[in-house]
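Colleague: coordinates only, sequence not included:
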């Protein structure tokens, strides 16, 4: 694949186009999640197919289109050639690998915290909805009680008037 960067198969281009067209109809948050999943798969040890890169590029371009309104330009439907790791200081390489591992752990922690916060947010939204429903029920009861009070008050007024009339009529 590395000797074909810049070249692509027509099927790959069609797959990119179809993926892009379907992706630009989605919301930015959904596109962001799908793109993060694809990018996580990018770092797997397995070799990726051209379809994978077509979908990845389509999601990237669709997200830019949805969030910023940018249209895609030139699209590379492959991955660049792997660079040999020669001439690298082993200490620097080890330090970078340690940083990568720590950043990976930190990202997992942040992902877990994000998921927890989303769950808490959903719980709070459910609580707010429940409280609004309870408040509506209280308002309805108050209106019913107010109406009942008015009926009782009017009835008492009529009874008093009738009694006064009867007393004066004697």
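Modeller: Sure thing, it's come through. Quantities reported herein were computed from a predicted structural model and do not represent experimental measurements.

Colleague: Select the longest helix from this structure.
Modeller: Counting residues, the longest helix in the chain under DSSP state H turns out to be helix 90-169.

Colleague: as a whole number, average confidence for it?
Modeller: Averaged across helix 90-169, pLDDT comes to 91.

Colleague: does residue 32 belong to a helix or a strand, and which?
Modeller: Residue 32 is part of helix 28-42, with elements assigned from DSSP states H and E.

Colleague: Of all the residues in that helix, which ones are buried?
Modeller: 31, 34-35, 38 (16 or more other Cβ atoms under 10 Å). From N, CA and C alone the C-beta is placed, and that goes for glycine too.

Colleague: now swap in stretch 64-76 and tell me
Modeller: So for stretch 64-76, counting by 16+ other Cβ under 10 Å, buried means 65-66, 75.

Colleague: hang on, the earlier thing: what's the closest of the buried residues of helix 28-42 to residue 149?
Modeller: residue 31 (56.7 Å; Cβ to Cβ).

Colleague: Contact partners for the closest residue to the closest one other than its chain neighbours?
Modeller: The spatially closest residue to residue 31, leaving aside those adjacent along the chain, is residue 63, at 4.5 Å (Cβ to Cβ, 6 or more residues apart in numbering). Neighbouring residues of residue 63 by Cβ atoms under 8 Å, 6 or more residues apart in numbering: 23, 28, 31-32, 35.

Colleague: ditto for residue 155
Modeller: Per Cβ under 8 Å, 6+ apart, neighbours of residue 155: none.

Colleague: Quick one: mean pLDDT over stretch 54-61.
Modeller: 87.

Colleague: How about residues contacting that stretch?
Modeller: Against stretch 54-61 from outside (Cβ under 8 Å, 6+ apart): 8, 12-13, 15-17, 19-20, 23, 31, 34-35, 38-39, 42, 72, 75-77.

Colleague: now swap in stretch 29-44 and tell me
Modeller: By Cβ under 8 Å, 6+ apart, the list of residues contacting stretch 29-44 reads 23, 26, 48, 52, 55-56, 59-60, 62-63, 66.

Colleague: State the pair within the residues you listed that is farthest apart.
Modeller: Every pair of those checked by Cβ to Cβ; the farthest is 48 and 66, at 24.2 Å.

Colleague: Grab the most central residue of this structure for me.
Modeller: residue 29 (4.6 Å; Cα atoms, centre = their mean).

Colleague: how close does it sit to residue 123?
Modeller: 19 Å (Cβ to Cβ, to the nearest Å).
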